[in-house]
Every structure is written in C-alpha cells, then in structure tokens.
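In: any chance you can model this:
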Amino acid sequence: MPKLDVNSLEIRLLKPGDVPEMIRIDSHYSGRRRDDYYQEKMNRHLDTRYQLTLSFAACMNNRLVGFLMGEVSRGTYGLPEDVAAVDTIGIDPDHQKSGIAEELMNEFVSHARSLGVKKIYTLVNWEEVGLFHYFHRMGFQPGLVLYLEKNV
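Out: Coordinates of the predicted model:
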C-alpha cells in the first residue's frame, strides 16, 4: 500500500466508543473476537489512579483505522526511572504498510518524551517477525532487562 497522506489522518486519544472497531481490527490478527479483553483494557485505560495511559486512535474519514495502547509507569519492576510501555497495536488490514503505525508510534513517543520518559519498552513474540521488524524500524532494540517466564 502506498504511504498515506498524513494530512488525511487524525490522531486522537482512544475513547470508549472505539472498542468495537478495536475488536474488529484485532480479530483479524488474533483469529477470534476478544470483546471482554478489549472492554477491560478500555476500562483500565480510563482509570488513571495507578498509571498514566497513553493510548491513541488513528482515524480516516471518521473511521478508526489503527490504535496503539500504552502507559507510563513510575518504578515498574523496580526500575528507578519513569518508563513507558507499548502494550497493544492494531492496524486495519486494508491500511497495512501505509504509515499509520509509524504515525501512532511517533505520537506515543512525543507524549512520553514530554512526560520525562527516557525509555520505552515493549514485548514481542519471537515468532511475530513482522511486528519485530516494525519495532526495529521504530528504533527499538533488545534491552538489558531479561524477560523470564515459567509454565504452570
């Protein structure tokens, strides 16, 4: 898909009415509808008692075509500085590779920087090569924090 004319794109904060379109976009990638998951994420997004959320919608012609959800945390996992984390990103399949994901990330980084954040984290499944390449293009690289897991 050709690069998008950024003047035709509106980037704004996510709002509760965006959930159905977020579910539609996500279901394309996850292979299933995750209504409860996204409703809970939106509820947490609106509750800023514990963290500052930075979640954005990309709209064209008043239609949601992409979203990015993240937050700023203070002292998460014992890290001494304020950090941000990108949690979820979704782009409408009809608008893949048009520059929407880059615009969303630029907005996220700009807001995080204005809040004094110096480092942004995310997790990527090793098998999701396309997502890994996207984050690499956005300047992410393997960090010094080691992610550990245990099957239970």
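In: hey, where'd the helices end up in the chain?
Out: Shown for the chain, the helices assigned by DSSP state H span residues 19-30, 35-46, 100-114, 129-137.
In: make CSV out of those helices and add distance to residue 70 and mean pLDDT.
Out: No exception for glycine: its C-beta is placed from N, CA and C like everyone else's. Formatted as CSV, the helices of the chain follow (distance: least, CB to CB, whole Å; pLDDT from 0 to 100):
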stretch, distance to residue 70, mean pLDDT
helix 19-30, 14, 92
helix 35-46, 10, 88
helix 100-114, 6, 95
helix 129-137, 12, 91
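In: can you redo those helices as CSV with mean neighbour count and distance to residue 90?
Out: Below are those laid out as CSV (neighbours: other CB atoms under 10 Å; distance: least, CB to CB, whole Å):
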stretch, mean neighbour count, distance to residue 90
helix 19-30, 17, 4
helix 35-46, 16, 10
helix 100-114, 18, 9
helix 129-137, 13, 11
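In: so which of these gets nearest residue 91?
Out: Smallest distance to residue 91 across those (CB to CB): 5.3 Å, for helix 100-114.
In: if we can go back for a sec, include distance to residue 62 when you put the helices of the chain into JSON lines, please.
Out: Formatted as JSON lines, those follow (distance: least, CB to CB, whole Å):
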{"stretch": "helix 19-30", "distance to residue 62": "11"}
{"stretch": "helix 35-46", "distance to residue 62": "19"}
{"stretch": "helix 100-114", "distance to residue 62": "15"}
{"stretch": "helix 129-137", "distance to residue 62": "26"}
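In: for residue 56, which of the ones you listed is the nearest?
Out: helix 100-114 (5.2 Å).
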